[in-house]
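[1] pasted the sequence and its predicted model underneath.
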Amino acid sequence: QVQLVESGGGLVQAGGSLRLSCAASGRTSSTYCMGWFRQAPGKERELVATITWSGGSTYYADSVKGRFTISRDSAKNTVYLQMSSLKPEDTAVYYCAAENSGFGSCRYKKYDYWGQGTQVTVSS
């Protein structure tokens, strides 16, 4: 089992920045992919970015490419999502997720472990 706790959400004006953190605990040694997802009111959950826990290979959705950066600190068992040039359409609950398949593209994984989510609100 892996436990995930997100933090860092809040209210920010358009054009501003936020950094989300996801602290992982439990059986993190088996973690392969970490992902950030988001869900806006009335919309389906969408994948924002992924990173491999060991090698740092990353993926970004087109909607955030060039504005968001995913990173990890293995020593702290923490994954970050640095968000810049935020837009009102980035408003959503952001979730951190993990899976431990050990191979393949993180983009297409079914994630097994989820955090409780953190609200990000971008005002215009």
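    Arrived safely, thanks for sending.
[2] so the residue nearest in space to the middle of the chain is in which element?
    Nearest residue to the geometric centre of the chain (Cα atoms, centre = their mean): residue 36, 2.1 Å. Using DSSP states H and E, the element containing residue 36 is strand 33-39.
[3] give me the mean pLDDT for that strand.
    The average pLDDT for strand 33-39 rounds to 97.
[4] one step back: the residue nearest to the centre of the chain against residue 94, yeah?
    Yes - if you go by Cβ atoms under 8 Å, residue 36 and residue 94 touch, sitting 6.1 Å apart. Where C-beta positions appear, they are placed from N, C-alpha and C, glycine not excepted.
[5] give me the common contacts of those two.
    With contacts taken as Cβ atoms under 8 Å, 6 or more residues apart in numbering, residue 36 and residue 94 have 20, 48, 81 as neighbours in common.
[6] is it possible to get CSV of those that adds secondary structure?
    Formatted as CSV, these follow (DSSP: H, G, I helix; E, B strand; the rest coil):
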residue, secondary structure
20, strand
48, strand
81, strand
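[7] which of the residues you listed sits closest to residue 108?
    residue 48 (14.7 Å; Cβ to Cβ).
[8] what's the nearest residue to that closest one if we skip its chain neighbours?
    In this structure, residue 48 finds its nearest non-sequential neighbour in residue 36, 4.5 Å apart by Cβ to Cβ, 6 or more residues apart in numbering.
[9] now do residue 81
    Residue 81 sits nearest to residue 20 (Cβ to Cβ, 6+ apart), 4.3 Å away.
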